[in-house]
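Visitor: just the structure for this:
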Amino acid sequence: MNTKIPLRPHQFTGMAANTVDQRGTDNGYDAGQERSAAKVAAVFNALTGKELTEADVWTLLIVLKQVRNQRKFKIDNIVDMIGYSALLGECLDSQDPLITDLHRAQHSHVMHETEAVLDELSKGLPSKVGR
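Guide: Next up, the predicted model:
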């Protein structure tokens, strides 16, 4: 009998850190670090006349992974949400304190939505896998 052992939180965060580093290396960003959101926002804004920020792009990517994961659970979706959340945190933390507080207020709903998605996902899972 092959019993799957659930991944532990530290394993997910370790996988996310490795993924962020590897994608940075694969895509050639900033000496091997994934930092494409500011460039994505700039190009999107130039094409559309909108005013997305780097933080908005990281948030959008988190939401994308949440939506995909609601359709079908994949570890990759969770790992990417963790990585994008860490990059969003870095982005917000590096900004001017007044701007950081504004963005934290604007994006605080992401944490609540993430919790709701994870709670929903865990409902059908065995108790050892659920939160």
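Visitor: near residue 12, how many other residues are there?
Guide: 16 (other Cβ atoms under 10 Å). In short, each C-beta sits where N, CA and C put it, glycine included.
Visitor: now do the same contact list for it.
Guide: 75, 78-79, 82 (Cβ atoms under 8 Å, 6 or more residues apart in numbering).
Visitor: go again using 7 Å as the cut-off
Guide: 78-79, 82 (Cβ atoms under 7 Å, 6 or more residues apart in numbering).
Visitor: could you redo the residues you listed as CSV and give each row secondary structure, pLDDT and distance to residue 54?
Guide: Below are the contacts of residue 12 laid out as CSV (DSSP: H, G, I helix; E, B strand; the rest coil; pLDDT from 0 to 100; distance: Cβ to Cβ, whole Å):
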residue, secondary structure, pLDDT, distance to residue 54
78, helix, 94, 23
79, helix, 95, 21
82, helix, 94, 18
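Visitor: can you redo the residues you listed as JSON lines with neighbour count and distance to residue 19?
Guide: Listed next are these as JSON lines, based on neighbours: other Cβ atoms under 10 Å; distance: Cβ to Cβ, whole Å:
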{"residue": "78", "neighbour count": "20", "distance to residue 19": "11"}
{"residue": "79", "neighbour count": "22", "distance to residue 19": "6"}
{"residue": "82", "neighbour count": "22", "distance to residue 19": "9"}
